[in-house]
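Colleague: Below: sequence and its predicted model.
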Amino acid sequence: MARISGRSLLSDRGFLRELMVRMMTVNQFEEKVLELFGEGRIHGTMHLCIGEEATGVGTGAALKKDDYMLATHRGHGHALGKGADVRAMMAEMLGRMEGSSHGKGGSMHICDFDKGLLGANGIVGANGPIACGAALTIKMKKIPDRVCAAYLGDGASNEGAVLESMNLAAAWDLPVLFILTNNTYGLSTPLERAVRNTDLTQRAAAFGFPAWECDGNDVLAVYETVKKARDYVIREKGPVLVVEHTYRTSGHSKSDKNLYRSKEEIQYWQERNPIARFRCFLTENHIFSEEEIDKMHEEAVQAVADAVDYASACPEPSADSLEKDVYAGEYAGVYGDGFAAGAKGGQA
Ligand SMILES: Cc1ncc(C[n+]2csc(CCOP(=O)(O)OP(=O)(O)O)c2C)c(N)n1
Ligand SMILES: [Mg+2]
């Protein structure tokens, strides 16, 4: 089993504990929503990040609270990693009023503005342009020490909108941190069938900005790499790309029958999952005992169980609120008078 980096962090037990509890919470959240979906309590579809827990948690830990962040369709771990409220997320999954989008969005519309999470997005690649907008706000308002982190998948990295955003962020010196989670598949297509050049860090070089890559199943490597990249964005006032190599052991979405990959391949990665690896690291280095780590697991189980109890007791949105919270019009003022005038005139 590959060694985990991060020796200099060994003495910060509180931080290491927090990383582990968060990864376990992401994992428990995923297992629980899968169960609730099976019981018919969650509608639509959802994309789980089982096997990728270190990417959202390691990245989120390296971002500051006020940093903006945009999650993908596979965004539960991104959101929880940034500190999003578990109860509000579960309420959203169950379609309740107390959900982060008042129960009208579900899995792909999780947001938490207080934590900088501007939203998850079901449109593959859309985070690129939105990140440029958020980063332009940071730049124009001269907000100090803030970046906008945009998650993208390996599949999304071939979208025109993403490549155009990378160019724009570079040309306009925007503080965008592109976080590319390379889980080696875009739906059922392996990376090497989608591109000739599988070195995704070279995307950044093409547009004139730096990139770093890391083992995305090693939570400390992710944390250290994103921290270094964030520092660069702040110091140099321009974009950076981080490529986090990982693997999704869950299916692409609820309808995936896993026909494009072997059981052996999935099992290989299950054995290298980030939570098991971090457990080994913590016990082998005598930082925590097995019993202490079991307690962390129990804490995560409890947090998710509490969220389900809370969400189950919340009301569903009423039928007469069907159009509320759905269209941009009522928020037009947020974007300034120009947008509001356009919206009223039917042109927005
Ligand atoms: C613009 C757009 N095209 C296609 C889809 C359908 N779709 C949903 S997820 C997905 C694969 C995305 O792959 P990747 O970016 O690698 O993210 P991953 O699912 O692996 O996390 C596709 C093609 C979509 N939602 N949006
Ligand atoms: Mg992918």
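Modeller: Now that the structure is in, tell me what you want to look at. Ligands and ions are numbered 1, 2, ... in the order given.

Colleague: what's in contact with stretch 10-25?
Modeller: The contact list for stretch 10-25, computed with C-beta atoms under 8 Å, 6 or more residues apart in numbering, reads 9, 53-54, 57-58, 60-61, 80-81, 86, 219-220, 223, 274-275, 278-279, 282, 285, 287-288, 293, 296-297, 299-300, 303-304. In this view, the C-beta of every residue, glycine as well, is placed from N, C-alpha and C.

Colleague: do you know how far the residue of the stretch 201-348 of the chain found nearest ligand 2 is from ligand 1?
Modeller: When scored by C-beta to the ion, the stretch 201-348 of the chain has Arg248 as its residue closest to ligand 2, at 7.0 Å. Using C-beta to the nearest ligand atom, to the nearest Å, one gets 6 Å for the distance from Arg248 to ligand 1.

Colleague: which non-adjacent residue is nearest that residue?
Modeller: Excluding its sequence neighbours, the residue lying closest to Arg248 (C-beta to C-beta, 6 or more residues apart in numbering) is Asn183, at 4.5 Å.

Colleague: likewise Gly119?
Modeller: Cys111 (4.3 Å).

Colleague: ok, now Lys104?
Modeller: By the measure of C-beta to C-beta, 6+ apart, the closest residue to Lys104 outside its immediate chain neighbours is Asp325, 5.5 Å from it.

Colleague: thought the one you found was touching Met97?
Modeller: No - proximity of Asp325 to Met97 does not meet the contact threshold set by C-beta atoms under 8 Å, at 9.8 Å.

Colleague: where does Leu241 fall, helix, sheet strand or coil?
Modeller: Classification of Leu241 by DSSP: H, G, I helix; E, B strand; the rest coil places it in strand.

Colleague: list the contacts for it?
Modeller: Applying C-beta under 8 Å, 6+ apart, one finds that Leu241 lies in contact with Met166, Phe178, Leu180, Leu200, Thr201, Arg203, Ala204, Phe209, Pro210, Ala211, Trp212, Ala229.

Colleague: repeat that with 6 Å
Modeller: Listed by C-beta atoms under 6 Å, 6 or more residues apart in numbering, the contact set of Leu241 reads Phe178, Ala204, Ala211.

Colleague: Please apply the same query to Tyr247.
Modeller: Counting by C-beta under 6 Å, 6+ apart, the residues that Tyr247 touches are Gly51, Asn183, Trp269.

Colleague: can you rerun that using 7 Å?
Modeller: By C-beta atoms under 7 Å, 6 or more residues apart in numbering, the residues touching Tyr247 are Gly51, Asn183, Thr184, Trp269.

Colleague: Out of these, who's the most crowded?
Modeller: Each of the contacts of Tyr247 was scored by neighbours using other C-beta atoms under 10 Å; the highest score is Gly51's, at 25 neighbours.
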